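Trainee: quick one: sequence and predicted model below, then my questions.
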Amino acid sequence: MTSPDMDKDKLCNRVLEADSRIRFAGLINKMGRLVAGGMKPGLLSLEESKDNEMIFLQLALKVNQRKEFDKAYGPVEFSMAYRDKLIIMSFPVNDYILLISSEKEVDFFKLPFKILEIIHNEN
């Protein structure tokens, strides 16, 4: 996918620039800690910061659980949740998880593949 020494902040910024409706782009480590990126400047998070930590940890656990089926189905390239207030997508990137949140009006048939292209070009 990407090289281990990728520029994490550059990746997050490129994703934020991919579509004006993206609200958040961040890299999370296996322990559920945000290591790069964040909210788009000028926007407020829909949840409290203490909830972010729980969301990030829960996401890290889910991504690791999905690996159990890699042998049968192949590795997960992205996962998406269509929620009442926004769309949340996650992408495994090396030892990290790229977490994206966007407005519901985003073209969710095209955006994940655009983000995969950005990830693959960060070699």
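Mentor: Yep, it's here.
Trainee: what about the residue lying closest to residue 34 once chain neighbours are set aside, how many neighbours?
Mentor: With sequence-adjacent residues excluded and distances taken as CB to CB, 6 or more residues apart in numbering, residue 34 is closest to residue 26, at 5.1 Å. For every residue, glycine as well, the C-beta is placed using N, CA and C. Residue 26 has 22 neighbours, counted by other CB atoms under 10 Å.
Trainee: and residue 26, what does it touch?
Mentor: Residues in contact with residue 26, defined by CB atoms under 8 Å, 6 or more residues apart in numbering, are 12, 34, 36, 37, 38, 98, 99.
Trainee: so which strand or helix has it?
Mentor: Taking DSSP states H and E as the criterion, residue 26 maps to strand 22-28.
Trainee: what do you get for residue 72?
Mentor: helix 70-73.
Trainee: just the CA coordinates of that helix, formatted as PDB?
Mentor: Provided in PDB are the C-alpha atoms of helix 70-73 (Å, rounded to 0.1, in the frame of the first residue of the first chain):
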ATOM      1  CA  ASP A  70      -8.500 -12.200   5.300                       C
ATOM      2  CA  LYS A  71      -7.500 -15.700   4.300                       C
ATOM      3  CA  ALA A  72     -11.000 -16.500   3.000                       C
ATOM      4  CA  TYR A  73     -12.100 -13.200   1.600                       C
END
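Trainee: great, nothing more from me.
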